[in-house]
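K.L.:
this one's structure only:
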Ligand code: NAD
Ligand code: WQD
């Protein structure tokens with residue numbers, strides 16, 4: 001199939017492009033390079049042998065977007081492009097609502113105009129808010145605690161509404177849990193600007209000696225060791241989840257929703273210990289107060305994706321830690 005990947009030079013997008021190419025799909029990428037770099041295309045070529053067609057285009061600027069659809073005919077769109085920093089979204093809500101929501105509406109208008117009505121959308125476990133229990137199934141109640149999360153919830157709704165008057169629209173909403181790790185080449189991975197907010201990128205900076213220690217946000221949660229529990233999933237497994245979803249999208253009637261997680265919850269201290277063991281590097285840490293807005297526990301029931309998409313995560317925590325570190329050593333060290 002010929003697939004348009006929005007945000008395809010970003011962290012999850014680039015890994016998905018690699019797996020799409022490996023699976024024999026033709027890929028076209030657009031990205032405004034706000035949070036990624038064009039050199040990622042060279043890395044994709046190194047990994048796959050294919051340099052994907054690329055448009056530097058902003059979803060908010062329809063004139064930059066229209067040529068992509070004029071010059072190509074797509075079977076489906078995989079839509080990663082968006083802003084994703086939770087804390088920033090609280091400070092700059094309009095920026096998030098405009099970029100993520102207006103941007104997606106612009107994209108969908110062009111899809112409609114050019115007759116490409118199949119979309120796989122990057123949603124997030126954040127739409128489950130503070131879940132009453134774990135593991136979480138797709139029918140759990142939805143709520144959000146920050147503007148970023150609200151953009152995901154609204155977009156799930158907007159995309160679902162498209163399918164009501166026009167059955168040609170087929171929408172798959174993928175709710176990701178916590179992606180970490182990197183392609184085994186060590187060439188592509190997550191490299192946030194400035195001091196990282198997320199756990200694994202922060203651990204990487206400590207391991208590289210660029211930050212002195214990890215702050216563990218709370219050790220008094222109602223979890224086995226008191227620290228927060230999450231469902232960490234290897235980004236390559238996540239990428240393969242998109243390939244599986246694409247393989248089934250023709251069967252989708254209206255909207256299908258899938259959790260993409262491993263189904264296993266690990267605590268912050270589990271991650272620290274696993275990283276230390278996998279890479280033989282000590283991660284100094286100290287306990288800090290809880291981070292506002294954090295929840296105690298969040299992990300998936302991924303059974304629906306297994307049953308309907310034939311997909312399940314296969315990489316374990318040791319592999320996630322090794323691959324994260326390989327990317328940091330290969331590529332992040334000099335960044
Ligand atoms: P990322 O920032 O690495 O990738 C997003 C890409 O979108 C970037 O390359 C950025 O330049 C591009 N982009 C942003 N606004 C754009 C615009 N207006 N026009 C064109 N391109 C634009 O983020 P990621 O971690 O790869 O996340 C991909 C998607 O998955 C996002 O929608 C994110 O919200 C979602 N998601 C991420 C996580 C996570 O923990 N990383 C978890 C759940 C969901
Ligand atoms: C994981 C655990 C922290 C940093 C976020 C978004 C969510 C989704 C994924 C996009 C928590 C603890 C962290 C640190 C720590 N993104 N931690 N010290 O918060 O589960 O999810 O990314 O959709 O929407 O909210 O991920 O990696 O920030 O935190 O102790 O320096 O690590 O308290 O328990 P989170 P995270």
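P.N.:
Great, that's in hand. Here the structure is a predicted model, which means the values were calculated and not measured. Ligands and ions are numbered 1, 2, ... in the order given.

K.L.:
and for stretch 15-29, what are the contacting residues?
P.N.:
The set of residues that contact stretch 15-29 without belonging to it, under CB atoms under 8 Å, 6 or more residues apart in numbering, is 1-6, 8-9, 13, 41, 44, 47-48, 50, 52-55, 68, 72, 74, 78, 80, 182-183, 188, 235-236, 238-240, 242-243, 246. (Each C-beta comes from the backbone N, C-alpha and C, glycine too.)

K.L.:
Strands along the stretch 151-300 of the chain, start to end?
P.N.:
Secondary structure of the stretch 151-300 of the chain (DSSP state E, counting those that start in this stretch): strands located at 170-176, 178-180, 214-217, 229-230, 232-234, 254-260, 266-267, 285-288, 297-298.

K.L.:
Deepest in the core, which of those is it.
P.N.:
strand 232-234 (a mean of 25; mean count of other CB atoms under 10 Å).

K.L.:
pLDDT of it, averaged?
P.N.:
Rounded to a whole number, the mean pLDDT of strand 232-234 is 98.

K.L.:
Repeat that for stretch 217-226.
P.N.:
Along stretch 217-226, the predicted confidence averages to a pLDDT of 98.

K.L.:
re the thing from before, go back to the contacts of stretch 15-29 and keep what's next to ligand 2.
P.N.:
When CB under 6 Å from any ligand atom is applied, no member of those is adjacent to ligand 2.

K.L.:
Distance to residue 24 added to the strands of the stretch 151-300 of the chain, as a markdown table?
P.N.:
A markdown table is the format used below for those (distance: least, CB to CB, whole Å):
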| stretch | distance to residue 24 |
| --- | --- |
| strand 170-176 | 20 |
| strand 178-180 | 24 |
| strand 214-217 | 41 |
| strand 229-230 | 33 |
| strand 232-234 | 22 |
| strand 254-260 | 22 |
| strand 266-267 | 34 |
| strand 285-288 | 44 |
| strand 297-298 | 35 |
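
K.L.:
Of those strands, which is nearest ligand 1?
P.N.:
Evaluated over the strands of the stretch 151-300 of the chain, closeness to ligand 1 peaks at strand 170-176, with 3.8 Å, by CB to the nearest ligand atom.

K.L.:
wait, does that closest one contact ligand 1?
P.N.:
Yes - part of strand 170-176 sits close enough to ligand 1 to count as contact by CB under 6 Å from any ligand atom, namely residue 176.

K.L.:
Stretch 78-92 now?
P.N.:
Yes - looking at stretch 78-92 against ligand 1 by CB under 6 Å from any ligand atom, the contacts come from 80, 81, 82, 83, 84.

K.L.:
Top of those residues by number of neighbours, please.
P.N.:
residue 81 (27 neighbours; other CB atoms under 10 Å).

K.L.:
ok, it touching residue 57?
P.N.:
No - in this structure residue 81 lies outside contact range of residue 57 using CB atoms under 8 Å: 9.4 Å.

K.L.:
Which residues are in contact with each of the two?
P.N.:
30, 31, 32.

K.L.:
which residues touch the second one?
P.N.:
This points to residue 31. 6, 7, 8, 9, 10, 13, 54, 56, 57, 81.

K.L.:
and which of the residues you listed is nearest to ligand 2?
P.N.:
For the contacts of residue 31, the residue nearest ligand 2 by CB to the nearest ligand atom is residue 10; the value is 12.0 Å.

K.L.:
Show me which residues of the stretch 51-200 of the chain sit near ligand 2.
P.N.:
Applying CB under 6 Å from any ligand atom, one finds that the stretch 51-200 of the chain approaches ligand 2 through 84, 86, 124, 126, 178, 197, 198, 199.

K.L.:
one more time with 8 Å, if that's ok
P.N.:
Where proximity means CB under 8 Å from any ligand atom, the interface of the stretch 51-200 of the chain facing ligand 2 comprises 84, 86, 124-126, 146, 148-149, 152, 176-179, 196-200.

K.L.:
In helices only, show me these.
P.N.:
Applying DSSP state H to those, the entries found in helices are 86, 148, 149, 152, 199, 200.
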